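Novice: Below are the sequence and a predicted model for it; my questions follow.
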Amino acid sequence: MPPPSRRAALRVLTAQPPDACLRSYFMDYMASMQKLDKGGHGYGGMFCNSLLDAHWKPGMTEAEGLALMDLCIKELHTRFMISLPNWTIKVANKDGIKVLRSGPGS
């Protein structure tokens, strides 16, 4: 576990190289980087990554992705001890980034 002063440096990055395929990467505080197909971070990621591993598949439609995010949000509401009403679902594609849905407290 990184020291508390460096925890904030853990990031998920999304890049669009010239071939127009969006790619996501995880970069830690020591600048090691790993390509991701899917992922969650923070405490919520601990609960959602198992759902993502079980249900994510290449080529999912936007509706299938939203249904998977609904599963993750339901899991957080069930298992996480702190109420998290503020959440936002965004999609990043060749047309840019758009907000699909936000929680009631967002």
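Specialist: Thanks, I have the structure now. Numbers count the residues shown, from 1 in each chain.
Novice: Which positions within stretch 58-66 qualify as buried?
Specialist: Gly65 (16 or more other C-beta atoms under 10 Å). C-betas here are computed from N, CA, C, even on glycine.
Novice: Next, the distance between the ends of it.
Specialist: 14 Å (C-alpha to C-alpha, to the nearest Å).
Novice: Neighbours of Ser83, how many?
Specialist: Applying other C-beta atoms under 10 Å, we find 9 residues neighbouring Ser83.
Novice: give the contact list for Asp70.
Specialist: Not one residue lies near Asp70 by C-beta atoms under 8 Å, 6 or more residues apart in numbering.
Novice: Retrieve the pLDDT associated with it.
Specialist: Predicted confidence (pLDDT) for Asp70: 90.
Novice: again, but for the one 5 residues further on
Specialist: Reported pLDDT at Glu75 in the predicted model: 90.
Novice: Can you classify the residue lying closest to it once chain neighbours are set aside by secondary structure?
Specialist: Nearest residue to Glu75, sequence neighbours excluded (C-beta to C-beta, 6 or more residues apart in numbering): Phe47, at 5.2 Å. Secondary structure, DSSP: H, G, I helix; E, B strand; the rest coil: Phe47 is helix.
Novice: burial of Phe47, as a residue count?
Specialist: The tally of other residues near Phe47 (other C-beta under 10 Å) stands at 15.
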